[in-house]
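Visitor: mind looking at a prediction? Sequence and model below.
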Amino acid sequence: MAGVAEQFRGLPMEALIGGPLMAACKAQYHLATVMVEFITTIGFTGKPEKQVARTLNFDLTRPVDDGTTPLQTQTITINAPLLGLVPIPALLIESVTVDFTMEVKSSTQDTAKSSSSLDASASGGFFGVSFSVKGSVATSRENTRSTDNSAKYNVNVIARQQQPQEGMSKMMDLLASAVDPIAVNSGS
């Protein structure tokens with residue numbers, strides 16, 4: 001049994017388990033870098049010392065309910081920050097599972113054969129009757145041992161998109177509410 005325990009010594013456990021974890025950390029760093037580059041490229045314009053937020057600019061005409069018929073309209077100008085409108089690639093590694101299984105079957109295969117034989121014969125006669133006896137003895141021996149080592153190594157990484165930015169949610173609420181008339185008090 002000491003031979004089986006010896007199989008586990010010298011395994012680079014730090015590399016086998018720590019390697020995938022370090023790779024996940026580096027991947028998370030690269031995911032964050034992509035997000036920062038996206039925000040910088042899509043969300044801002046201008047020189048690095050004077051960045052200006054990119055906006056989506058448009059006029060929106062919406063109904064105004066001031067108690068008169070027909071409904072009046074009001075035009076408002078929207079300057080929406082672009083970063084609040086587009087999905088930002090904000091992936092993160094949610095979990096990493098490292099499964100390491102090593103199975104050592106300690107059976108060695110070594111075949112050794114040995115055999116030996118002995119032949120004997122005798123002949124003679126007695127009262128005019130002759131006889132002859134022959135015989136042989138043989139032995140054979142075979143030993144078989146086999147060794148089988150196997151290992152499994154699985155790495156499971158799960159990444160998910162983060163929730164939308166709060167600014168995007170508020171902008172969508174604003175755009176959805178723009179179709180409702182604005183109530184105006186008509187007190188003179």
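Guide: It's in.

Visitor: can you pull the contacts of Met13?
Guide: Going by Cβ atoms under 8 Å, 6 or more residues apart in numbering, Met13 touches no other residue. (C-beta placed from N, C-alpha, C; glycine too.)

Visitor: give me the contacts around stretch 73-86.
Guide: Taking Cβ under 8 Å, 6+ apart as the rule, stretch 73-86 contacts 39, 42-43, 53-64, 165, 167-168, 170-171, 182.

Visitor: quick one: Ala80 from Gly167, how far?
Guide: As defined by Cβ to Cβ, to the nearest Å, Ala80 lies at a distance of 9 Å from Gly167.

Visitor: could you do Asp65 as well?
Guide: 29 Å.

Visitor: where does the chain have its least confident helix or strand?
Guide: Sorting the helices and strands of the chain by mean pLDDT, DSSP states H and E puts helix 2-8 at the bottom, at a mean of 58.

Visitor: in the helix or strand that that helix is followed by, what counts as buried?
Guide: Using DSSP states H and E, the helix or strand that follows helix 2-8 in sequence is helix 13-43. Buried residues in helix 13-43, counted by 16 or more other Cβ atoms under 10 Å: Pro20, Ala24, Ala27, Met35, Phe38, Gly43.
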